[in-house]
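> From the sequence below, what's the structure:
(chains A, B, C and D)
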2 protein chains.
Amino acid sequence: MTVKAQFDHSNCEDCPIRHRAVCARCDADELEELESIKYYRSFEAGQTIIWCGDQMNFVGSVVAGIASLTQTMEDGRTQMVGLLLPSDFVGRPGREAAPYDVQATTDVVMCCFRKKPFEELMATTPHIAHRLLQMTLDELDAAREWMLVLGRKTAREKIASLLSIIARRDASISQKGLTGSIVFDLPLTREAMADYLGLTLETVSRQISALKKEGVITLEGKRHVTIPDLGRLMEEAGDDSDGGFLV
Amino acid sequence: MTVKAQFDHSNCEDCPIRHRAVCARCDADELEELESIKYYRSFEAGQTIIWCGDQMNFVGSVVAGIASLTQTMEDGRTQMVGLLLPSDFVGRPGREAAPYDVQATTDVVMCCFRKKPFEELMATTPHIAHRLLQMTLDELDAAREWMLVLGRKTAREKIASLLSIIARRDASISQKGLTGSIVFDLPLTREAMADYLGLTLETVSRQISALKKEGVITLEGKRHVTIPDLGRLMEEAGDDSDGGFLV
DNA sequence: TGGTTGCTTTGATGGAGATCAAGTGGGAAC
DNA sequence: GTTCCCACTTGATCTCCATCAAAGCAACCA
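All right, here's what the predicted structure looks like:
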């Protein structure tokens, strides 16, 4: 087994997969064990990747597309509790059952590792465990920041918060306009946004219309968004943080 | 260094400290290193243990009392994002700054470990890192379950959810009544409950009065609560889960 | 004893967002 | 081209909770 003491991810920029957790390409150079237990799975939009309560026999990272973590009450009320963008990790080493549904919001490609071998690898490779702890702490911070959004922000602020998260997260992938404006396609339906924000889809629609009318955002069609001034949007979100934790 | 491969916490029942993370007494038998870097700190109710953004130079567990994790917006709106009961762990190995305020809700005693030595210990003691990962995953699950409460539950359900958490958490400490009823003292002011639930203190007060009038709970004074039927309360909370993740 | 202070309760009112209900528009299938 | 379907928008109304305001109550102090 050849394991370097430290990961060097300076070359990850070229890696289309960009795993934060276990970059399938980058790490492969360092950990052939990872490579050997790796496989890919595809899911169609709307498909449920993991059902709440199911046995989980793999962990992995989202390579392409968007997946969501969702909790549902008996009467059907649902709350999205996490958004998985490319490079985000899925799975709980050391856990049997999934604590919530994982759904493909768009078409999704995942890079998976069978759980058992991955856990064994983790046990023998301290820095993978350490990396996983760091990532879990990031997720925890994101979840807690989102609790502020859910508990205390107005509908308008909630929308602005979500848009600025996606903008900042997407900005690294999509092009920034010449004037510094950010352009991206909303990867979520109004209903999915509502589920994430603890609102109804009608309220989401109304607030987006309002932001559009006031020039905070521009819409082409229903999904193509331009944000001329991210600072303005973040003010609308009541956002004093750098948003580093979020999603 | 004498480190057993596995922790045996079967004797923790007698341990008043009951650390889930690093039981100061129990682990001391196994890890004298932990003992050597351990110290205690006391905080008065209302005192801020850690300010958001501060350098954190220790990690530790709550030994007695209740602490809360709080986020505050510029305009003063605040949201509690976590409740730390005795045995809960505080701190982010590998992190510099605290992501939110930690406040003593009641008088608090903490068992602390200086961060640097603790991290070094973690690096050389895989199962401590593993234990920390498990705990962080627990916290993440709790945070996400709370997102459902904040996003989708009514005021009444929120109150019932909070009461049943405290009841289940406290039940192991306080006595269960003869009829199976649970008795405990609310460790939070109405305002603190409101901050946790994303409500106003008036709404909290009204909902508690309503639950009392309908016999779901009994109040002696303002804080002493009896829950005659936990099942009933959990129905009120809209709670289908076993609540295993929460707090 | 009376006053202050902090926590809590209760009442009256208003508003943000939910709910119910049409209606729009664009893409795919026929 | 027409039809259907789905995501979305917009309008009307209602309701739950926030807000503002006042008062109750226990502990503590002078």
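> how close does A:Ala143 sit to DNA strand D?
Distance, A:Ala143 to DNA strand D, using CB to the nearest atom of the strand, to the nearest Å: 21 Å. Quick note: C-beta positions are derived from backbone N, CA and C, even for glycine.
> Contact partners for that residue?
By CB atoms under 8 Å, 6 or more residues apart in numbering or on different chains, the contact list for A:Ala143 reads A:Val81, A:Gly82, B:Leu140, B:Ala143, B:Arg144, B:Met147.
> What helix or strand is it located in?
Here A:Ala143 is covered by helix A:126-152, with elements defined by DSSP states H and E.
> could you give the mean pLDDT of that helix?
Mean per-residue pLDDT for helix A:126-152: 89.
> Return the residues in contact with the residue nearest the centre of chain A.
Closest residue to the average C-alpha location of chain A: A:Leu84 at 2.6 Å, with CA atoms, centre = their mean. Taking CB under 8 Å, 6+ apart, we find A:Leu84 in contact with A:Val62, A:Ile66, A:Ala67, A:Ser68, A:Leu69, A:Val90, A:Val102.
> Could you do A:Glu96 as well?
Contacts of A:Glu96 (CB under 8 Å, 6+ apart): A:Gln55, A:Met56.
> List, one by one, the residues from chain A near DNA strand D.
A:186, A:189-191, A:201-202, A:204-206, A:208-209, A:219, A:222-223 (CB under 7 Å from any atom of the strand).
> So which of these belong to strands?
A:Leu219 (DSSP state E).
> Could I get the residues of chain A next to DNA strand D in JSON lines, plus columns for distance to chain B, neighbour count and pLDDT?
Formatted as JSON lines, these follow (distance: CB to the nearest CB, whole Å; neighbours: other CB atoms under 10 Å in any protein chain shown; pLDDT from 0 to 100):
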{"residue": "A:Leu186", "distance to chain B": "20", "neighbour count": "19", "pLDDT": "92"}
{"residue": "A:Thr189", "distance to chain B": "17", "neighbour count": "15", "pLDDT": "95"}
{"residue": "A:Arg190", "distance to chain B": "16", "neighbour count": "18", "pLDDT": "97"}
{"residue": "A:Glu191", "distance to chain B": "14", "neighbour count": "13", "pLDDT": "96"}
{"residue": "A:Leu201", "distance to chain B": "14", "neighbour count": "14", "pLDDT": "97"}
{"residue": "A:Glu202", "distance to chain B": "16", "neighbour count": "10", "pLDDT": "98"}
{"residue": "A:Val204", "distance to chain B": "13", "neighbour count": "24", "pLDDT": "98"}
{"residue": "A:Ser205", "distance to chain B": "18", "neighbour count": "17", "pLDDT": "97"}
{"residue": "A:Arg206", "distance to chain B": "18", "neighbour count": "15", "pLDDT": "97"}
{"residue": "A:Ile208", "distance to chain B": "19", "neighbour count": "21", "pLDDT": "97"}
{"residue": "A:Ser209", "distance to chain B": "22", "neighbour count": "11", "pLDDT": "96"}
{"residue": "A:Leu219", "distance to chain B": "25", "neighbour count": "14", "pLDDT": "92"}
{"residue": "A:Lys222", "distance to chain B": "24", "neighbour count": "12", "pLDDT": "89"}
{"residue": "A:Arg223", "distance to chain B": "23", "neighbour count": "13", "pLDDT": "90"}
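> Report the entries of the residues of chain A next to DNA strand D that also contact DNA strand C.
A:Glu202.
> what does the domain assignment say about chain A?
In terms of domains, chain A is parsed into A:10-148, A:153-236 (source: automatic domain parsing).
> Pipe those into TSV and attach distance to B:Ala129 per row.
Shown next, in TSV, are these (distance: least, CB to CB, whole Å):
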stretch	distance to B:Ala129
domain A:10-148	5
domain A:153-236	28
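> Out of those, which is closest to B:Leu133?
Closest approach to B:Leu133 among the domains of chain A (CB to CB): domain A:10-148, 5.0 Å.
> Could you see whether DNA strand C lies near the closest one?
No: Domain A:10-148 does not reach DNA strand C (CB under 7 Å from any atom of the strand); its nearest approach is 8.4 Å.
> ok, back up a step: nearest to B:Asp195 among the residues of chain A next to DNA strand D?
For those, the closest approach to B:Asp195 (CB to CB) belongs to A:Val204, at 26.0 Å.
> Tell me which helix or strand in chain A has the weakest average pLDDT.
Least confident helix or strand, chain A: helix A:26-30 with a mean of 44, by mean pLDDT, DSSP states H and E.
> which residues in chain A form helices?
A:26-30, A:32-36, A:115-124, A:126-152, A:155-171, A:190-197, A:201-213, A:230-236 (DSSP state H).
> CSV for those, including distance to B:Val109?
Formatted as CSV, the helices of chain A follow (distance: least, CB to CB, whole Å):
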stretch, distance to B:Val109
helix A:26-30, 43
helix A:32-36, 44
helix A:115-124, 34
helix A:126-152, 24
helix A:155-171, 37
helix A:190-197, 39
helix A:201-213, 45
helix A:230-236, 40
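> Could you point out which of these sits nearest B:Leu230?
Using CB to CB, the nearest of these to B:Leu230 is helix A:126-152, at 25.2 Å.
> mind checking how far that closest one is from the chain centre?
12 Å (CA atoms, centre = their mean, to the nearest Å).
> Also stretch A:53-61?
Remark: stretch A:53-61 is offset 17 Å from the chain centroid, using CA atoms, centre = their mean.
> Please measure how far the first residue of it sits from its last one.
20 Å (CA to CA, to the nearest Å).
> hmm, it touching chain B?
No: on the criterion CB under 8 Å from any CB of the partner chain, stretch A:53-61 is out of touch with chain B, staying 10.2 Å away.
> Now do that stretch, average pLDDT.
Rounded mean pLDDT across stretch A:53-61 is 89.
> can you check stretch A:225-242 too?
Mean pLDDT, stretch A:225-242: 84.
> Give me the residues contacting that stretch.
In this structure, residues lying in contact with stretch A:225-242 by CB under 8 Å, 6+ apart are A:145, A:153, A:156-157, A:160-161, A:163-164, A:167-168, A:177, A:179-186, A:211, A:215-220, A:243, B:73-75.
> Whichever of those residues count as buried, I'd like them selected in PyMOL; how would that read?
Per 16 or more other CB atoms under 10 Å in any protein chain shown, the buried members of the contacts of stretch A:225-242 correspond to this PyMOL selection:
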select buried, (chain A and resi 145+153+156+157+160+161+163+164+167+168+182+183+184+186+211+216+217+243) or (chain B and resi 73)
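> Could you report the neighbour count for A:Asp229?
Look at A:Asp229: counted by other CB atoms under 10 Å in any protein chain shown, it has 15 neighbours.
> That one and A:Thr218, how far apart?
In this view, A:Asp229 and A:Thr218 are 11 Å apart by CB to CB, to the nearest Å.
> Also A:Val149?
A:Val149 sits 23 Å away from A:Thr218, going by CB to CB.
> One more: A:Arg190?
For A:Arg190, the distance to A:Thr218 equals 17 Å [CB to CB].
> What of A:Ile165?
Plainly put, A:Ile165 is 18 Å away from A:Thr218 if you go by CB to CB.
> Which residues in the helix holding A:Ala143 does the neighbour count mark as buried?
Residues of helix A:126-152 classed as buried: A:126, A:128-152 (neighbour count, 16+ other CB under 10 Å).
> do the same with stretch A:60-73
Residues of stretch A:60-73 classed as buried: A:60-63, A:65-73 (neighbour count, 16+ other CB under 10 Å).
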